[in-house]
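In: sequence first, then the predicted structure, then my questions.
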Amino acid sequence: MARKSGAALVLRKIDGMEREIAILRRDIIHGLIVKRSPKKAKPSLFGCIKGGDITERMVEESKRNLFRHMNDL
């Protein structure tokens with residue numbers, strides 16, 4: 001009886017280690033595939049929107065729509 005419970009304990013420990021190895025392997029592969037680059041500040045919005053560029057008029061119109069409750073813009 002003691003041998004069965006000992007064997008079961010060893011098998012559970014091995015199963016846990018296998019899961020941990022699988023998680024580590026996944027994280028390493030994910031890290032190799034997805035290279036994270038530091039985000040850089042954009043000096044301008046030129047070319048950021050598909051289908052056209054942002055004009056000064058569009059910026060002013062957006063400001064008015066966003067801050068319409070403020071009169072001192």
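Out: Cool, the structure landed.

In: drop to CA atoms for contacts and neighbour counts, all remaining ones
Out: OK.

In: by residue count, tell me the biggest helix in the protein.
Out: Taking DSSP state H as the criterion, the chain has its longest helix at helix 2-33.

In: and it, how far out from the chain middle?
Out: 26 Å (C-alpha atoms, centre = their mean, to the nearest Å).

In: tell me how far Ser5 lies from Glu18.
Out: Distance, Ser5 to Glu18, using C-alpha to C-alpha, to the nearest Å: 20 Å.

In: kindly report the same for Val34.
Out: Taken as C-alpha to C-alpha, the span from Val34 to Glu18 is 24 Å.

In: neighbour count for the two, which is higher?
Out: Glu18 (12 against 9; other C-alpha atoms under 10 Å).

In: how about low-confidence regions in the chain?
Out: For the chain, applying pLDDT under 70 flags the ranges 1-2, 35-38, 42-52, 70-73.

In: please save the CA atoms from stretch 15-28 in PDB.
Out: C-alpha atoms of stretch 15-28 as PDB (Å, rounded to 0.1, in the frame of the first residue of the first chain):
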ATOM      1  CA  ASP A  15       3.200  15.700 -13.900                       C
ATOM      2  CA  GLY A  16       3.700  19.100 -12.200                       C
ATOM      3  CA  MET A  17       7.200  19.400 -13.500                       C
ATOM      4  CA  GLU A  18       6.100  18.500 -17.100                       C
ATOM      5  CA  ARG A  19       3.400  21.200 -16.900                       C
ATOM      6  CA  GLU A  20       6.000  23.700 -15.600                       C
ATOM      7  CA  ILE A  21       8.400  22.800 -18.500                       C
ATOM      8  CA  ALA A  22       5.600  23.200 -21.000                       C
ATOM      9  CA  ILE A  23       4.800  26.700 -19.700                       C
ATOM     10  CA  LEU A  24       8.400  27.700 -19.700                       C
ATOM     11  CA  ARG A  25       8.800  26.400 -23.300                       C
ATOM     12  CA  ARG A  26       5.700  28.300 -24.400                       C
ATOM     13  CA  ASP A  27       7.000  31.500 -22.800                       C
ATOM     14  CA  ILE A  28      10.400  31.200 -24.400                       C
END
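
In: understood, closing this out.
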